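# Model the following, please.
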Amino acid sequence: MTTSNSERGTNQAKKLQELINKRQNSSQRLQKKNTHFIAITSGKGGVGKSTISANLGYIFAKYGYKVGVFDADIGLANLDVLFNVRVKKNIIHVLKGQAEIQDVLVQITPNLTLIPGDSGADIFQYSNSHMFETLVNDSTLDDLDVMIIDTGAGIGERTQTFLNIADEVVVITVPDPAAITDAYATIKMTARKRNNIGMILNQVNSEKEALAIFGKIDKVARVNIGGDLRLEYFGKIAQDNVVVTSIKRRHLFVKENPYAQATEDLEKIARQLAKKFEHNILIQNESNSGSGLAGLFHRLVKHFN
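Okay, the predicted model is just below:
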């Protein structure tokens, strides 16, 4: 059975209209997308938490996601050092009314923005200020797909606040008894408010070693924490000299060493994390608190109320 020219023309027009509608719907969803907030934390310092935050942000941005990295490591903010950029003002200056948001943002790549924190001040001391609530209505960075929150280490109240408001919490640890004990303490504390917690095992010799450590933590958590806690293994990052060298040179190891084992490992972790949020970032969720910095501060304000 042959198809006439008019029928072919009708079918082509129909397909064209469907394509236009699809693009229009996609555009509308893009305008309404919500930012996915990922909090990176650890039980103790020195396990690579900030290094992972910075390099993970770069990977997401490389693959086309709009990414913000917020330095929330109160008292020890250092992402500017890892990104090798000079920061004159930070989020504290905004909260003091001494700068606009646009004045403190640092563009690392076209898709990657650093929101610098302060290495000495606590943003929560301004939680009752007018500027804190003003940020809830700020439209800056509303197009972010994901915001990585580099929190402080430990189980302090300020760190827990960021973990409680995040969509994903990822705990970093290394194969050191003290670090593992502190990671478990962080998991135990965080489990009081949420039941989904992820883990990355850093500086390990093999996948077997990483899985063995994760298995022990998971087993202890099931026995002592119980409930409906779900620990998720996001992956491991191999002990790799290129990481140490890159940190000393203030370079991102995933950028400078794209074929290193540590880079391959973090790329795999990024893909696993992306699967968890990519189906949500284009869909409006009325119960969500919004996007970008406004979404972050909206969640913080709700937490205090």
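# Please make it C-alpha for all contacts and neighbour counts, starting now.
OK.
# and this protein, what are its domains?
Following automatic domain parsing, the chain resolves into domains at 1-31, 34-304.
# Quickly, which of the ones you listed bottoms out on average pLDDT?
Of all the domains of the chain, the segment with the smallest mean pLDDT is domain 1-31, scoring a mean of 46.
# returning to that earlier point: most tightly surrounded among the domains of the chain?
Highest mean neighbour count among those (mean count of other C-alpha atoms under 10 Å): domain 34-304, with a mean of 19.
# How far does that one stretch from one end to the other?
With C-alpha to C-alpha, to the nearest Å as the measure, domain 34-304 spans 22 Å from end to end.
# centre of the chain versus that domain, how much separation?
The chain centroid and the centroid of domain 34-304 are separated by 4 Å under C-alpha atoms, centre = their mean, to the nearest Å.
# which ones are touching residue 222?
For residue 222, the contact set (C-alpha atoms under 8 Å, 6 or more residues apart in numbering) comprises residue 229.
# mind checking the SS state of it?
helix (DSSP: H, G, I helix; E, B strand; the rest coil).
# Distance of it relative to residue 252?
Distance from residue 222 to residue 252, by C-alpha to C-alpha: 36 Å.
# What's the separation between residue 223 and residue 63?
Taken as C-alpha to C-alpha, the span from residue 223 to residue 63 is 39 Å.
# That should have said residue 91, apologies.
27 Å.
# Any idea what the closest residue to residue 168 other than its chain neighbours is bridged to?
Distances taken as C-alpha to C-alpha, 6 or more residues apart in numbering place residue 38 nearest to residue 168, at 4.7 Å, with adjacent residues excluded. Beta-bridge partners recorded for residue 38 (DSSP bridges): residue 148, residue 168.
# and what of residue 112?
Note on residue 112: beta-bridge partners by DSSP bridges are residue 67, residue 109.
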